[in-house]
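# turn this into a structure:
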Amino acid sequence: MHGYGTNIEGPWTQVCEAIKACHEAVHVLGIPRIATDIRIGTRVDREVVSGRVNENKVKRVEEILRHGAK
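Predicted coordinates:
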């Protein structure tokens, strides 16, 4: 749903470990320097089911496209 990047959802520690593993994998390939830009969003006003947030956003956009914005 966006033009650039990768979305990752999950518990804070697992997401950080995944990012670390990505960096390590690239360095193993012999790339001496890489940069990662991270945008982090958290919320405490409602329960968020890990792994469903992006799916729900896509469904909402599809619904709007079918029925028009209100």
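# let me know the secondary structure of residue 62.
When classified by DSSP: H, G, I helix; E, B strand; the rest coil, residue 62 comes out as helix.
# where does pLDDT dip in the chain?
By pLDDT under 70, the weakly predicted segments of the chain are 1-4, 50-53, 69-70.
# just how off-centre is the helix ranked longest in the chain within its chain?
Using DSSP state H, we find that the single longest helix of the chain is helix 12-28. Computed by CA atoms, centre = their mean, to the nearest Å, the chain-centroid distance of helix 12-28 equals 14 Å.
# residue 63: how many residues sit nearby?
By the measure other CB atoms under 10 Å, the count of residues near residue 63 is 10. (Glycine included, C-beta is placed from N, CA and C.)
# how about residue 35?
5.
# which strand or helix spans it?
For residue 35, there is no enclosing helix or strand under DSSP states H and E.
# adjust the sequence numbering to begin at 17 for everything that follows.
Sure, I'll start numbering at 17, so the last one becomes residue 51.
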